[in-house]
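S.K.: here is my input, please return the structure:
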Amino acid sequence: MVHFFVWFLVDPCHVLEGKAGPVSADMNDDLNDDNDGAGYPLFSFVDESIFKKESFLAFISLLDNYESDTGEPEIVTPEEEAENHKFLDCMLRTTTMKTAHKYLVEKQLSPEDLPEFKKQLYRIWFELYARRGASKPDSSGFEHVFVGETRGGRTVIGFHNWIQLYLQEKLGHIDYKGYSVNANSPQPDENKHILALQFSWKNGIKPKGSIFIGVSPEFEFALYTLCFLVSPNERVKVFFSIYEVDIVCHHYNQKHIGTTYPVLVKYQNEPKNPKQ
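M.R.: Residues are numbered from 1 along each chain as shown. Below is the predicted model of the structure:
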């Protein structure tokens, strides 16, 4: 088990109401209001000035580059490829990604040379591969984790990013159904930054999707890259101030991210000391 100690400070900008009801993606009434445990949107307010920051702008530019339905081959245009490279260049300029790169070089998991490290990142996140049931490349790690996909027009898979969630909800494409908990998970509230949500999108249902709220693109991109390279196909234990979190990370063919997302284990009464 690998332990990362990470500190972050964000302002939650959501309301939290309504425990989501049980759903099955095979049921015809999945999207009925009877399953909606929340009468209001998830986000009550977001200060969109944050979206003017370079990393947010570069991230948001990628969100409309994909066909959401798995089985539909992805065609990457020269303009979209240029946006991918611009995003990676932006990530590599951030302090967060520089710290992650230094750690990976020390562990001999990534090349020290920046152009070579960028190639590694491109392969992990943006190279296309065929998901289950597809005959041609129809997915990528970035699309699955940050943008979201649909399967069979009824099930939402991936979609673990709060920015995409907020923007899609603002456009009226998201119907927030409530939060999800199980017997072993802590009860969430509106002041917490990790939530398990239920929502519908593009006529499909996401029965349970775990997500960070309010963090920067470079935070998630660096964290998930670290977890993929250090301990693929395992749950990586991470501590964020008062949060104990498992990062689930699965690879595809040892080269690409299949999926990755946070799972809240418990809240700590006191922040852990990173030196311990």
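S.K.: please count neighbours and contacts with C-alpha atoms only from this point.
M.R.: Will do.
S.K.: can you show me the strands along this structure?
M.R.: 3-6, 149-151, 155-157, 174-179, 194-201, 204-212, 234-240, 243-252, 256-267 (DSSP state E).
S.K.: isn't Tyr129 up against Ser135?
M.R.: No. The criterion here is C-alpha atoms under 8 Å, and Tyr129 misses it with Ser135 at 9.6 Å.
S.K.: higher neighbour count, these two?
M.R.: Tyr129 (20 against 12; other C-alpha atoms under 10 Å).
S.K.: mind listing what the more buried one touches?
M.R.: Applying C-alpha atoms under 8 Å, 6 or more residues apart in numbering to Tyr129 gives the contacts 136-140.
S.K.: so what's it bridging to?
M.R.: Beta-bridge pairing for Tyr129 (DSSP bridges): Ser139.
S.K.: distance of it from Arg123?
M.R.: Counting by C-alpha to C-alpha, to the nearest Å, the separation of Tyr129 from Arg123 is 10 Å.
S.K.: mean neighbour count and mean pLDDT for the strands of the chain - can I get that in CSV?
M.R.: Output for those, formatted as CSV (neighbours: other C-alpha atoms under 10 Å; pLDDT from 0 to 100):
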stretch, mean neighbour count, mean pLDDT
strand 3-6, 14, 48
strand 149-151, 21, 91
strand 155-157, 23, 94
strand 174-179, 25, 87
strand 194-201, 23, 89
strand 204-212, 22, 90
strand 234-240, 20, 87
strand 243-252, 20, 90
strand 256-267, 22, 90
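S.K.: can you pull the pLDDT of His14?
M.R.: What the model reports as pLDDT for His14 is 43.
S.K.: typed the wrong thing, it's Val147
M.R.: For Val147, pLDDT reads 96.
S.K.: distance of it from Tyr40?
M.R.: 23 Å.
S.K.: try Glu54
M.R.: Taking C-alpha to C-alpha, one finds Glu54 at 31 Å from Tyr40.
S.K.: likewise for Ile211?
M.R.: 19 Å.
S.K.: how far does stretch 58-77 stretch from one end to the other?
M.R.: 17 Å.
S.K.: I should have written stretch 225-238 there, sorry.
M.R.: Stretch 225-238 stretches 14 Å from its first residue to its last (C-alpha to C-alpha).
S.K.: how far off centre is that stretch?
M.R.: 14 Å (C-alpha atoms, centre = their mean, to the nearest Å).
S.K.: could you number the chain from 25 rather than 1 from now on?
M.R.: Noted, 25 is the first residue going forward, which turns the last one into stretch 249-262.
S.K.: so for stretch 65-83, mean pLDDT?
M.R.: On average, stretch 65-83 scores 91.
S.K.: distance from the chain centre to it, please.
M.R.: Worked out by C-alpha atoms, centre = their mean, stretch 65-83 lies 15 Å from the chain centre.
S.K.: can you pull the buried residues of it?
M.R.: 65-67, 75, 79-80, 82-83 (16 or more other C-alpha atoms under 10 Å).
S.K.: so for Glu294, what's the pLDDT?
M.R.: Reading off the model, Glu294 has pLDDT 51.
S.K.: where does the stretch 25-174 of the chain dip in pLDDT?
M.R.: Residue ranges of the stretch 25-174 of the chain with pLDDT under 70: 25-63, 157-158.
S.K.: give me the more crowded residue out of Val171 and Tyr64.
M.R.: Per other C-alpha under 10 Å, whichever of Val171 and Tyr64 has more neighbours is Val171, with 25 against 16.
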